[in-house]
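Student: the following block contains a protein sequence and its predicted model.
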Amino acid sequence: MTDTKHILEAVRDGSMSVEEAELELRSRPFVDLGFARVDTNRRTRQGASEVIYGASKTPEQSLAIARTLMDNGSECVMITRCPRETYDLIVSEGMEAEFRKEARICIVGRIPKAERRSYICVVSAGTSDMPVAEEAAVTAEVMGCNVRRVFDAGVAGIHRLLSDADSIMGASAIVVAAGMEGALPSVVGGLADVPVIAVPTSVGYGASFEGLTALLAMMNSCASTVSVVNIDNGFGAGYIASMIDRRSIQ
């Protein structure tokens, strides 16, 4: 029995008052595994469970954290930058999971069904930017959002972007992943009246400096709708977009 279930059972049988249970839940909002203190209270505070960053963790560590979250009320847990070995271990332990190879994300449990009509639009400049764009798209889907994808729509062929103008302009929030010179978010920002979250990618030749050129270009965008996350941070962009979408009136 998890700590939360134990507290609820105690309230039901009368051995703990509601006030005592409330204090207990507030003062013990994590489970200490020794190598990690798992934030089991985050879903209550923020509306979404803690997300596991899979890189540099052993498969066993990621498994233990995911299992702890699921045992404490999480219905869907996401492991970003997840090695295939971690997914294989989770499945071998009998847990329901799926692996999104391009996004490098393991999803433990089931993705919640989107309940809103609104949607997030995820745009990638080129095919090489798709892994970062997919990370953003899958993150938003795990957070319960509808997602529309517009891929390979960079400024070198602007007609490709304009052919999807309706999808772009109808979104509640837009994520744009681009490398090279990083111009695409400014173009999208000039079309839309909603927040545009720009993701510089490490795609490009030498003077792109592994995404630094795109990052600086996006930070200096003349489109006032554009904000910027870190290089290759599709997860951060998808998460912020999902928070915006949750507040949509649609």
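Tutor: That came through, no problem. Please read all numbers here as calculations on a predicted model, not as lab measurements.
Student: need the pLDDT of the nearest residue to Gly126 once chain neighbours are set aside.
Tutor: The shortest distance from Gly126 to any residue other than its chain neighbours is 5.2 Å, reached at Gly154 (Cβ to Cβ, 6 or more residues apart in numbering). Any C-beta I mention is one placed from the backbone N, CA and C, and that applies to glycine too. The model reports Gly154 with a pLDDT of 85.
Student: okay, now Trp95: neighbour count?
Tutor: To be clear, residue 95 is Met; Trp isn't right here. One way to gauge burial is a neighbour count; for Met95, by other Cβ atoms under 10 Å, it gives 15.
Student: just Arg84 next, same as before
Tutor: A total of 12 residues lie near Arg84 under the criterion other Cβ under 10 Å.
Student: thought it was touching Phe99?
Tutor: Yes: Arg84 sits in contact with Phe99 when judged by Cβ atoms under 8 Å, with a separation of 6.8 Å.
Student: which residues does Val122 contact?
Tutor: With contact taken as Cβ atoms under 8 Å, 6 or more residues apart in numbering, Val122 is in contact with 133, 136-137, 140, 147-150, 174-175, 177, 238, 241.
Student: and those, which is closest to Arg117?
Tutor: Looking at the contacts of Val122 and their distance to Arg117, the nearest is Arg148, at 12.3 Å (Cβ to Cβ).
Student: could you list the low-pLDDT ranges of the chain?
Tutor: 1-4, 24-28, 44, 249-250 (pLDDT under 70).
Student: so what's the residue nearest to Gly126 up against?
Tutor: Contacts for Gly154 (Cβ under 8 Å, 6+ apart) come out as Ala125, Gly126, Arg160, Leu161, Ala178, Met180, Leu184.
Student: correct me, but the third one touches Ala153?
Tutor: Yes: checked against Cβ under 8 Å, the pair Arg160 and Ala153 is within contact range at 4.5 Å.
Student: neighbour count for those two, which is higher?
Tutor: Here Arg160 and Ala153 are set side by side on neighbour count (other Cβ under 10 Å), and the busier one is Ala153, at 25 against 14.
Student: hang on, that one in a helix?
Tutor: No: assessed with DSSP: H, G, I helix; E, B strand; the rest coil, Ala153 is coil; it does not lie in a helix.
Student: domains in the chain, as residue ranges please.
Tutor: Residue ranges for the structural domains of the chain, counted by automatic domain parsing, are given in the record as 31-109, 119-246.
Student: will you turn these into a markdown table that also has distance to Ile7?
Tutor: Listed next are the domains of the chain as a markdown table, based on distance: least, Cβ to Cβ, whole Å:
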| stretch | distance to Ile7 |
| --- | --- |
| domain 31-109 | 11 |
| domain 119-246 | 27 |
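Student: what's the closest of these to Lys5?
Tutor: For the domains of the chain, proximity to Lys5 was assessed by Cβ to Cβ; domain 31-109 is nearest, at 8.7 Å.
Student: contacts for the helix or strand hosting Met78?
Tutor: Element membership for Met78, per DSSP states H and E: strand 76-80. For strand 76-80, contacts defined as Cβ under 8 Å, 6+ apart pick out 49-55, 62, 66, 69-70, 86-87, 104-112, 135, 138-139, 142, 235.
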